[in-house]
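Trainee: Need the 3D shape of this:
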Amino acid sequence: MRTLVSALLLAGPHWAAQAAASPDEEDMALYSMSKSTISLATGSQQLLRRAPAVASVITADDIAAMGATDLDQVLETVPGFHVTRAATINPPNYIIRGIGGGGPSNPQVLVLLNGMRMMTDFNGDKGNMWVSYPLTNVARIEVIRGPGSALYGADAFAGVINIITKTADQMLGTRAGVIAGSYRTLEGWVEYGSNDGPVGIAAYVQVGTTAGAHSIIKADAQTLNDSRFGTKASLAPGPMSLAHDALDASLELTYKNWRWRNSVKWRNHVGMGSGVNSAVDPTHFSQSGNAITDLSWTDHDFAEGWGLGASLSAMFFTEQSPEGLGLFPPGARIGPNLFPNGMIGGPFRWERNVRASAYATYSGWRQHLVRAGVGHDDMNLYKVHTFKNFLLTPAGVPVPSGPVMNYDAIQPHIKPQRRNVDYVYVQDEWQFAPDWALTAGVRHDSYSDFGGTTNPRLAVVWDASLDVTVKLLHGRAFRSPSFNELFGINPVNNGNASVRPEKISTTEGVLTWQARQDLNVSVSLFRYSMTDIIRTVANPAPAPGASYQNTGSVKGNGGEVEVVWDVTRDVHWEAGYSRQNAMDQGTKMDPGYAPRHHANSRLDWRFSPDWSVSPQLNWVAGRRRAPGDARTPIANYKTFDTTLTHHAAGGWNFSASVRNLFNADAREPSLAPGLALPFDIPVYARALVVQLTGKW
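Mentor: Got it, this is the predicted structure:
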């Protein structure tokens with residue numbers, strides 16, 4: 001048997017991926033997008049255990065079992081991942097291996113939708129008003145922990161997330177559902193799929209609204225100002241503002257080798273969380289959204305040994321605050337100046353990104369699969385507006401200026417900016433011995449504003465036995481400076497056109513053991529070094545304020561353990577544990593914010609043919625305060641969720657989930673030194689969610 005497998009492995013990487021599976025398993029893995037395969041690691045579909053990356057896959061079945069309704073709930077279950085919250089408007093920040101916490105933006109993690117970048121230009125992340133991402137139309141989520149710039153370029157720094165939506169084949173017919181829950185949450189959706197010969201149609205729309213949990217902020221930034229200036233303007237203690245209305249829609253058309261994908265994500269009446277400036281604000285709201293279109297052509301058998309593909313895509317993105325954002329409430333005093341109507345600012349931004357790319361694969365060389373690609377990105381922050389009722393002095397002191405008005409000509413927060421990026425990459429998957437594969441790749445990106453950067457990767461995968469696979473990985477990645485970091489206009493914290501990309505170098509080792517046919521264990525270890533970190537630094541005296549600078553470095557290490565066990569035919573168990581350490585090389589202290597320990601466990605039990613229950617435990621521990629934050633360490637927390645599902649006849653399903661069943665006081669750390677939100681940010685309020693779906 002071992003000889004047979006070895007012979008098949010010699011046929012090349014693509015066939016090696018199929019060799020370890022029976023014909024039935026092969027069909028499921030390579031054509032039905034099962035949990036055992038991944039395409040994110042190399043751009044080509046392959047078995048997960050042999051992929052040259054530390055990767056995880058979450059399928060639609062996993063999502064249904066855990067009763068998840070939002071992307072954040074799923075990502076929290078991935079070892080090495082933790083979803084925290086930023087104080088500014090309460091967006092989710094994705095911390096991977098301790099990287100990504102401590103800031104209002106989250107540019108260290110690349111988020112893709114069907115392989116298309118969803119990152120914005122102003123902050124270099126998924127946007128301040130990301131708010132939520134529903135899962136009803138998601139077929140699978142592929143995740144890589146570790147660098148991915150050798151294939152995906154900028155911001156594939158700590159990891160990459162690819163959200164893959166359902167195709168026409170995966171949603172044949174009509175399916176609809178309703179979601180209702182705590183805090184006046186109500187959502188409805190419908191999807192339709194048709195596949196008539198070479199023509200496929202997949203359509204989806206979901207609308208929803210929620211008032212959001214009313215978690216209490218005990219004290220805020222205005223509480224501090226009240227104590228300084230003798231005012232009584234703070235609205236704390238007061239509830240967080242977490243309401244929003246949502247619209248999500250997509251349309252995918254396929255014809256032979258052509259695919260045209262379109263999607264819309266719109267969030268309206270978005271509450272300010274704990275306040276845009278960490279001051280409770282129940283009266284102002286914002287709106288944000290994106291529209292993406294992507295036309296692609298792919299032919300895996302273009303010629304003998306050759307595969308070709310190309311795509312042209314565009315993303316439109318906007319963030320708006322029609323009524324302005326309440327930086328401080330009415331009656332606030334900032335220094336010598338009183339703001340009887342409150343201090344109000346209203347940034348508006350519109351972005352338009354156009355991307356073109358092409359790739360070729362060649363398998364004509366024995367035991368090699370070569371992939372090469374080129375691309376061009378046109379990133380355009382083409383329109384901005386700045387509405388506010390104050391001016392900032394050169395020293396950064398706000399001065400009342402009357403009613404809210406347009407300050408584009410006087411003191412904008414940024415001017416329109418444009419960036420062009422050209423890139424080229426090459427990658428070789430080489431099966432150099434029966435049980436050994438080497439993946440080597442490199443990508444060069446040339447930016448019109450700050451120059452070029454080159455990032456390589458190298459991975460060795462060894463099938464030590466039929467049930468043990470060992471991986472050794474090394475790669476470099478970069479995070480490009482955002483437009484705000486380069487060109488932002490703010491005397492308190494100015495952009496700096498000389499800022500260069502952040503860099504990271506990561507080495508990883510992985511052991512995957514199929515202990516039994518029904519039990520799989522995976523252990524990964526990592527070590528990384530971050531340099532040229534972009535931080536806010538006080539300007540040299542006598543210049544006031546601060547600006548963005550490349551300063552300092554961080555080194556980290558840790559590991560993750562994953563266990564997947566089919567205990568019986570009706571009982572399935574998954575568990576993960578991650579441990580990370582990081583040290584700022586300047587302060588010789590933990591950078592703070594990220595959990596040192598994180599564990600998640602889920603048990604799926606089908607206790608009758610039509611009923612199943614899935615309890616889930618999430619444990620977050622060991623978070624340190626950032627240097628300069630004198631508060632006591634933030635408390636650990638455990639949350640317990642459970643989902644009960646009924647699989648009825650005729651294609652109907654019903655589920656009921658309770659999040660944070662025991663109402664644990666779970667909090668995420670606020671920014672150092674903790675003066676603005678001294679009691680941190682409450683998260684995971686107890687909530688009941690009921691889902692009903694039907695298919696025709």
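Trainee: Could you check how far stretch 440-457 is from the centre of its chain?
Mentor: Relative to its parent chain, stretch 440-457 has a centroid offset of 22 Å by Cα atoms, centre = their mean, to the nearest Å.
Trainee: Which residues does it contact?
Mentor: 52, 147, 149-151, 153-154, 371, 418-428, 430, 439, 458-459, 473-478, 480-481, 486, 497, 499-501 (Cβ atoms under 8 Å, 6 or more residues apart in numbering). All C-beta atoms are positioned from the backbone trio N, CA, C, and that covers glycine.
Trainee: Dump the C-alpha coordinates for stretch 494-511 into CSV.
Mentor: Output of stretch 494-511 as CSV, limited to C-alpha atoms (Å, rounded to 0.1, in the frame of the first residue of the first chain):
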residue,chain,number,x,y,z
ASN,A,494,-0.5,63.8,11.1
GLY,A,495,0.3,61.5,8.2
ASN,A,496,3.9,61.1,7.2
ALA,A,497,4.7,60.6,3.5
SER,A,498,8.1,59.0,4.4
VAL,A,499,6.5,56.0,6.3
ARG,A,500,7.4,52.7,4.8
PRO,A,501,5.7,49.2,5.0
GLU,A,502,5.7,47.2,8.2
LYS,A,503,7.6,43.8,7.8
ILE,A,504,7.3,40.4,9.3
SER,A,505,9.4,37.3,9.0
THR,A,506,7.8,34.0,10.3
THR,A,507,9.0,30.5,10.7
GLU,A,508,6.5,27.7,11.4
GLY,A,509,6.4,24.0,12.1
VAL,A,510,3.4,21.7,11.8
LEU,A,511,2.7,18.1,12.7
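Trainee: still on that earlier bit, from the contacts of stretch 440-457, list the buried ones, please.
Mentor: When those are checked for burial by 16 or more other Cβ atoms under 10 Å, the buried set is 52, 147, 149-151, 153-154, 371, 419, 421, 423, 425, 427-428, 430, 439, 458-459, 473-478, 480-481, 486, 499, 501.
Trainee: Let's see which of those residues end up in helices.
Mentor: Secondary structure from DSSP state H places Ser149, Ala150, Leu151, Leu486 of the buried ones among the contacts of stretch 440-457 in helices.
Trainee: Verify the stated contact: the first one with Ala156.
Mentor: Translated: Ser149. Yes: between Ser149 and Ala156 there is a contact under Cβ atoms under 8 Å: 4.8 Å.
Trainee: who touches the residue lying closest to Pro501 once chain neighbours are set aside in this structure?
Mentor: Spatially, and ignoring its direct neighbours in sequence, Pro501 is nearest to Phe478 (4.2 Å; Cβ to Cβ, 6 or more residues apart in numbering). Applying Cβ under 8 Å, 6+ apart to Phe478 gives the contacts Ser149, Ala154, Phe157, Asp445, Thr453, Asn455, Pro501, Glu502, Lys503, Ile504.
Trainee: The residues you listed in strands, which ones?
Mentor: Using DSSP state E, the subset of the contacts of Phe478 located in strands is Asp445, Thr453, Asn455, Glu502, Lys503, Ile504.
Trainee: Nearest to Trp260, out of these: which one, please.
Mentor: Asp445 (27.0 Å; Cβ to Cβ).
Trainee: what are the bridge partners for that closest one, then?
Mentor: Beta-bridge pairing of Asp445 under DSSP bridges involves Tyr423, Thr453.
Trainee: for the stretch 501-650 of the chain, what spans make up the strands?
Mentor: 502-516, 519-531, 534-538, 546-550, 554-568, 571-584, 597-608, 611-621, 637-647 (DSSP state E, counting those that start in this stretch).
Trainee: Taking their axis directions, the second one and strand 502-516 sit at what angle?
Mentor: So the one you mean is strand 519-531. Inter-element angle recorded for strand 519-531 and strand 502-516: 170 degrees (by axes from the mean of the first three to the mean of the last three Cα atoms, to 10 degrees).
Trainee: strand partners of strand 519-531, parallel vs antiparallel please.
Mentor: strand 502-516 (antiparallel), strand 554-568 (antiparallel).
Trainee: Give me the phi and psi angles of Asp72.
Mentor: For Asp72, the backbone dihedrals (degrees, to the nearest 10) come out as phi -60, psi -40.
Trainee: who are the neighbours in contact with it?
Mentor: Asp72 makes contact with Val83, Pro92, Ser132, Tyr133, according to Cβ under 8 Å, 6+ apart.
Trainee: which one of those residues is nearest Thr587?
Mentor: Using Cβ to Cβ, these come closest to Thr587 at Val83, 26.0 Å.
Trainee: the inter-axis angle of the helix or strand containing that closest one versus strand 597-608?
Mentor: Val83 belongs to strand 81-85 when assigned by DSSP states H and E. Put simply, strand 81-85 runs at 100 degrees to strand 597-608, going by the same axes, to 10 degrees.
Trainee: now for the strands of the stretch 501-650 of the chain, which one comes closest to Pro673?
Mentor: Of the strands of the stretch 501-650 of the chain, nearest to Pro673 by Cβ to Cβ is strand 534-538, at 13.6 Å.
Trainee: what's that closest one in contact with?
Mentor: 479, 481, 485, 493, 499, 502, 545-552.
Trainee: If any of these are buried, put those into a ChimeraX selection.
Mentor: Only the buried entries of the contacts of strand 534-538 go into this ChimeraX selection, using 16+ other Cβ under 10 Å:
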select :479,481,485,493,499,502,545,546,547,548,549,550,552
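Trainee: ok, Gly275 - contacts?
Mentor: With Cβ under 8 Å, 6+ apart, Gly275 has these contacts: Ala87, Ile217, Asp220, Ala221, Ser241, Asp281, Gly326.
Trainee: What of Phe157?
Mentor: Ile99, Pro107, Gln108, Val109, Leu110, Pro147, Ser149, Ala477, Phe478, Arg479, Glu502, Ile504.
Trainee: and which of the residues you listed is nearest Ala249?
Mentor: Leu110 (23.6 Å).
Trainee: re the thing from before, same question for the following helix or strand past the strand holding Val83, mean pLDDT?
Mentor: Beyond strand 81-85 on the C-terminal side, the first helix or strand identified by DSSP H and E is strand 92-96. For strand 92-96, mean pLDDT rounds to 95.
Trainee: what's in contact with strand 92-96?
Mentor: With Cβ under 8 Å, 6+ apart, strand 92-96 has contacts from 72, 75, 80-86, 100-101, 103, 105-106, 108-109, 130, 145, 158-159, 161, 593-595.
Trainee: And the pLDDT at the residue nearest to Met119 when sequence neighbours are not counted?
Mentor: Using Cβ to Cβ, 6+ apart and skipping residues adjacent in sequence, the residue nearest Met119 is Asp155, 5.8 Å away. Looking at Asp155, its pLDDT stands at 96.
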